[in-house]
Structures are given as C-alpha cells and as structure tokens.
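Chemist: following is a predicted model, sequence given first.
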Amino acid sequence: MKFTNLNENFNASECFGNRLKTLRNEKGLSQKQVSDGLGVAVSTYANWEQGRREPNIYDIYNIIFVLEIQPNELFEDWNIIKINNE
C-alpha cells in the first residue's frame with residue numbers, strides 16, 4: 001500500500017478551522033453560543049476557526065456533541081492523500 005500526499009502545502013489547522021466555521025454557520029450558531037456550549041472562551045474558539053490553535057481530543061469530542069454532528073463531518077473534504085494498493 002502506498003500513500004501519496006496530494007498537497008504539499010496542506011495546513012491541517014486551517015482546514016479544520018474552515019470546516020468548523022462552515023458547520024457552525026450551517027447550524028445558525030454564533031461563536032459565542034458554541035464557545036459557551038463548549039465551556040471555552042470565545043477567543044479560544046475563534047482561534048480554532050482561524051487555524052491559529054488546535055483543539056485537543058476532549059474539545060473535539062465536545063464540538064461533535066455541541067454541533068450535533070458525526071465525527072467524520074469535521075474531516076470531510078480533506079483530500080490530502082491518495083492510497084494505491086500496489
């Protein structure tokens with residue numbers, strides 16, 4: 001099995017943050033509403049959306065709960081690798 005990176009300039013924090021913002025907007029929630037639900041400061045949540053910081057696994061679990069989404073929804077459209085069965 002061979003893995004090929006499709007994007008050398010991939011920034012996981014930025015990609016995650018963009019996805020987080022999209023999901024929040026789809027739910028019609030403000031950053032304040034989500035940060036309150038997560039028990040974090042608005043500035044902390046804003047930094048996640050802007051790709052400046054990354055949430056820990058506990059925070060990711062809570063994001064899934066607060067936004068009422070499936071875990072895979074956070075990581076959709078991350079087409080960064082190609083798997084070849086060689």
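Modeler: Here it is on my side, so go on.
Chemist: who touches Q31 in this structure?
Modeler: If you count contacts by C-beta atoms under 8 Å, 6 or more residues apart in numbering, Q31 has them with 24, 42, 45-46, 49. Using the backbone N, CA and C atoms, a C-beta is placed for each residue, glycine as well.
Chemist: mind doing that once more with 6 Å?
Modeler: The neighbourhood of Q31, defined by C-beta atoms under 6 Å, 6 or more residues apart in numbering, consists of 42, 45-46.
Chemist: likewise for Y45?
Modeler: Taking C-beta under 6 Å, 6+ apart, one finds 31, 34-35 in contact with Y45.
Chemist: the closest residue to K32 other than its chain neighbours: how many residues sit nearby?
Modeler: Nearest residue to K32, sequence neighbours excluded (C-beta to C-beta, 6 or more residues apart in numbering): V42, at 5.4 Å. When neighbours are defined as other C-beta atoms under 10 Å, V42 has 14 of them.
Chemist: sorry, back to before: among the contacts of Y45, which one lies nearest to I63?
Modeler: Comparing the contacts of Y45 against I63 with C-beta to C-beta places V34 closest, at 7.8 Å.
Chemist: can you tell me which helix or strand the closest one belongs to?
Modeler: Assigning secondary structure by DSSP states H and E places V34 in helix 31-38.
Chemist: report the mean per-residue pLDDT for that helix.
Modeler: The average pLDDT for helix 31-38 rounds to 98.
Chemist: same check on stretch 43-55?
Modeler: In this model, stretch 43-55 has a mean pLDDT of 95.
Chemist: re the thing from before, residues touching the residue nearest to K32, list them.
Modeler: By C-beta under 6 Å, 6+ apart, the contact list for V42 reads 31-32, 35.
Chemist: cool, V66 as well?
Modeler: For V66, counting by C-beta under 6 Å, 6+ apart, the contacting residues are 34, 37-38.
Chemist: just the pLDDT for it.
Modeler: If you check V66, the pLDDT there is 97.
Chemist: returning to that earlier point: how much space between the residue nearest to K32 and Q31?
Modeler: 6 Å (C-beta to C-beta, to the nearest Å).
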